[in-house]
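1. Please find the sequence and the predicted model below.
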Amino acid sequence: MSSTAPTTASGDTSGDDTFPGERVPHYDVSQRLDTDYYAVFADIPAEDRAVWDRAKTLVDEVAPTMREAWDRAEYPLEVARRIGELDLLGDGIDHPDITHLSPLAAGLVNMEVSRGDGSLGTMLAVQGGLALRTLALFGSPEQQERWLRPLATSEVLGAFALTEPDHGSDSVSLETTARRDADSDEWVLRGAKKWIGNGASGGITFVWARVDDPDAAEHGAVRCFLVEQDRAGYSGTPILGKVSLRGIHQAHITLEDVRLPIGAVLPGAKSFKDASTVLYATRSGVAWSALGHATACYEAALSYSLQRMQFGKPLAKFQMVQERLTQMLDELTAMQLYCRYLADLEASGALRPTQASLAKFHNTRAARRIASTARDLLGGNGILLENVVMQHLADIEAIHTYEGTESIQALLIGRDITGMSAFV
């Protein structure tokens, strides 16, 4: 804020009023604040609030571990398993063998864990929203008997493999193939997948592939296969060099003639539409996750502005800072209202896929703006991991893209409101 701020030999112009030998101030920006300006969550039912409290317990327990994991780009599998131990993976899935979480409870869990750490939120989304939901919706009784509880408790980690190296937004064009070997009566998978969370965790992967059998009635159909990751021909390698979601590994998977028994196919998954059903459901979760990231950034900005002294007074006393905090609260409140009504629509059975798309479209965009404003408000201290904002800003970039990019959401919504498709 001053052109005469002390500059160190390293070129630091952050405006930190310290000199060699002086104590560097520490700012506590991780505490929970009352950010519910419209009391959007004031009337949460006790049962849902209890689930929310379990999510808070998780975040408090694992925050130091996740901070170190993000810094080192390591995946702490014990944390992923702790999510299951606390029974937080229901994600609105309605199945007799899974503890049911209401859409509101599932959303609050997504919000809270993402407020704590984006990689933690992605662990939840992959294990519960994608893998567990796929098995619960489409798996055979035998598959569910064997794998459902281990996935729900995180005893076994699960992956959802749809995206390919050459097919992201156009995943309907997937090239991974599944053919029937008439001699052995087995399925044989061949292809590659990319950006697959838990794809190298030693658990199981739900692989979406196109049937390649000209003599079969289902030739060309998209099916889903349950693949144990220790199968011959399956190789999952963590993708290196990420600067977002560094506390969870996404894998590049190669499938080199992976042989599976006939019973490995999920009988309920018979087309790409079924894969879309899973993705539609998780878009609500992404909207809630974006709210969690934005909440953390707003809390950090407000806490910092109350503690940071410049020119003899706290930052919070400057007009420009108050205006920025108000802008952030404005967008945060809109995100809360989106999420709360989204949960109400889902609970009533009235939620349409494009409504979930609109919530994701709005909330990830708003979260990016809030994170950027918060980083700017913290000045040079905003790039420090200990002040949380830069990590959330980086992680938001990933959730803004996954489960359908901004452009794809816009085209889905545009098709719905105009009745005309802009897709190729």
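-> Now that the structure is in, tell me what you want to look at.

2. Secondary structure element for the spatially most central residue of the chain, which one?
-> Centroid-nearest residue in the chain, with CA atoms, centre = their mean: Thr122, separated by 3.6 Å. Here Thr122 sits within helix 118-124, counting by DSSP states H and E.

3. Run through who's touching that helix.
-> 58-59, 62, 66, 69-70, 75, 79-80, 83, 88-89, 91, 109-110, 113-114, 197, 244-248, 285, 289, 292-293, 391-392, 394-396, 398-399 (CB atoms under 8 Å, 6 or more residues apart in numbering). C-beta coordinates here come from the backbone N, C-alpha and C atoms, glycine included.

4. Same question for stretch 103-113.
-> 41, 44-45, 47-48, 51-52, 54-56, 58-59, 83, 88, 90-92, 101, 120-121, 124-125, 284-285, 288-289, 291-292, 295, 339-340, 342-344, 346-347.

5. Those residues in helices, which ones?
-> 47-48, 51-52, 54-56, 58-59, 83, 120-121, 124, 284-285, 288-289, 291-292, 295, 339-340, 342-344, 346-347 (DSSP state H).

6. Which of those are buried? Put it as a PyMOL command.
-> A single PyMOL command suffices to select whichever of the ones in helices among the contacts of stretch 103-113 are buried according to 16 or more other CB atoms under 10 Å:
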select buried, resi 48+51+52+54+55+56+58+59+83+120+121+124+284+285+288+289+291+292+295+339+340+342+343+346
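
7. CA-only coordinates of stretch 42-50 in PDB, if you can.
-> Written as PDB, here are the backbone C-alpha positions of stretch 42-50 (Å, rounded to 0.1, in the frame of the first residue of the first chain):
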ATOM      1  CA  ALA A  42     -29.900 -21.800  10.600                       C
ATOM      2  CA  ASP A  43     -32.700 -24.300  10.400                       C
ATOM      3  CA  ILE A  44     -30.600 -27.400   9.600                       C
ATOM      4  CA  PRO A  45     -32.400 -30.600  11.000                       C
ATOM      5  CA  ALA A  46     -30.600 -32.100  14.000                       C
ATOM      6  CA  GLU A  47     -29.800 -35.300  12.000                       C
ATOM      7  CA  ASP A  48     -28.100 -33.400   9.200                       C
ATOM      8  CA  ARG A  49     -26.300 -31.200  11.600                       C
ATOM      9  CA  ALA A  50     -24.800 -34.200  13.300                       C
END
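
8. Buried residues, it. List them.
-> Going by neighbour count (16+ other CB under 10 Å), the buried part of stretch 42-50 is Ile44, Asp48.

9. so for it, what's the average pLDDT?
-> Stretch 42-50 comes out with an average pLDDT of 96.

10. Show the subsequent helix or strand relative to the helix holding Thr122.
-> Next helix or strand after helix 118-124 toward the C-terminus (DSSP H and E): helix 133-138.

11. What helices and strands are in contact with the following helix or strand past that next one?
-> Once the chain leaves helix 133-138, the next helix or strand it forms, by DSSP H and E, is helix 141-152. The helices and strands touching helix 141-152, judged by 3 or more CB pairs under 8 Å, 6 or more residues apart in numbering; DSSP states H and E, are helix 133-138.

12. Paired strands for the helix or strand of the chain with the lowest mean pLDDT, with orientation please.
-> Within the chain, no helix or strand scores below strand 309-310, which has a mean of 89 by mean pLDDT, DSSP states H and E. Here strand 309-310 is paired, per DSSP bridges, with strand 313-314 (antiparallel).

13. so where's the protein uncertain?
-> 1-25, 168-171, 424 (pLDDT under 70).

14. Could I get the full set of strands for it?
-> Along the chain, counting by DSSP state E, strands occupy 158-161, 177-181, 186-197, 204-211, 222-228, 234-238, 250-261, 309-310, 313-314.

15. I'd like to know which elements the second one is packed against.
-> Right, strand 177-181. Contacts defined by 3+ CB pairs under 8 Å, 6+ apart place strand 177-181 against strand 186-197, strand 204-211.

16. would you turn these into JSON lines with distance to Glu331 and mean neighbour count?
-> As requested, those are exported to JSON lines (distance: least, CB to CB, whole Å; neighbours: other CB atoms under 10 Å):
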{"stretch": "strand 186-197", "distance to Glu331": "28", "mean neighbour count": "21"}
{"stretch": "strand 204-211", "distance to Glu331": "35", "mean neighbour count": "25"}
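
17. Fine by me, thanks again.
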